[in-house]
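Colleague: make a model of this:
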Amino acid sequence: MSSQESDEAEELPKHGLKGPSPDERPHPEGRRNSQGIRIDPAAEAEPEQRRAVLSALVEDDPGVLSRIAGLFSRRQFNIESLTVGPTTVENHSRITMVIEESDPGIDQAEKQLAKLKPVIAVGELDDDAVRTELVLLKVEGDDPDKVHAVTEMYDGQTLDAGPKTITVQLTGDEQKIDDAIDAFRQFGIIEIARTGYTALARGDQATVPGEKPGTADEPTRPKNAQQ
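Modeller: Numbers count the residues shown, from 1 in each chain. Next up, the predicted model:
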């Protein structure tokens, strides 16, 4: 055997053809699920989150808010704001909450809320719902005329004016409130209190499914009680 033939024989593997080295071989991406199936990372990506406004009619039972807060805490739903107030029916209240979740998360939040005993009905509001929030702003009172001008610009109201501070009230949608706060920053914002959204469905549409109008002289009853 010649020296060239000897070198070629040393490069060949004992079985089959020589393949790429381990570093050159393609490596699959993504982890395996519980069944051992490798999951495409793109398909496993988290669903996109969005903000949703939920409205719930509840009975005025003691501890209803703590039960709702406990439910959302256990399920790790993210509440941005929550408002509560009475309705036209005695011992009934309306809770309006803004949550930021994926579509499956929003669906789960509605279903879990509906299962709570003090909850009569719950639903997500459409994008065209009538929604507003209230904010109180306390700013430094060095330029009262300018503060008054900005307050009028945003249809606000001066609630308190002293030698050192001025407190104004503003209402409107989120964009208007954000713009107003930016405009008041020039005076020095000392304190702020913001309620978050309260909302009703537009027109004659019921705000929550099955909700009776306040003029019906008939309270909205839990879905199970209607069967």
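Colleague: the strands in the protein, which residues?
Modeller: Residue ranges of the strands in the chain, as given by DSSP state E, are 49-59, 79-86, 92-102, 119-124, 130-140, 157-161, 165-172, 189-194, 198-200.
Colleague: how far off centre is stretch 194-208?
Modeller: Here stretch 194-208 shows a centroid-to-chain-centroid distance of 16 Å under the convention CA atoms, centre = their mean, to the nearest Å.
Colleague: just the strands of the chain: most buried one?
Modeller: Each of these was assessed for mean neighbour count using mean count of other CB atoms under 10 Å. The highest is strand 119-124, with a mean of 22. Just so you know, the C-beta spots here come from the backbone N, C-alpha and C atoms, and that holds for glycine as well.
Colleague: what's that strand in contact with?
Modeller: Outside of strand 119-124, the residues within contact range by CB atoms under 8 Å, 6 or more residues apart in numbering are 52-59, 68, 92, 106, 110, 113-114, 207-211, 220-223.
Colleague: just the angle between it and strand 49-59, please?
Modeller: Here strand 119-124 runs at 160 degrees with respect to strand 49-59, directions being taken by axes from the mean of the first three to the mean of the last three CA atoms, to 10 degrees.
Colleague: just the C-alphas of strand 119-124, formatted as CSV.
Modeller: Coordinates of each C-alpha in strand 119-124 appear next as CSV, following Å, rounded to 0.1, in the frame of the first residue of the first chain:
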residue,chain,number,x,y,z
VAL,A,119,-71.8,38.5,41.3
ILE,A,120,-75.1,38.8,39.5
ALA,A,121,-73.8,39.3,36.0
VAL,A,122,-70.6,40.3,34.3
GLY,A,123,-69.5,41.2,30.8
GLU,A,124,-66.8,43.0,28.8
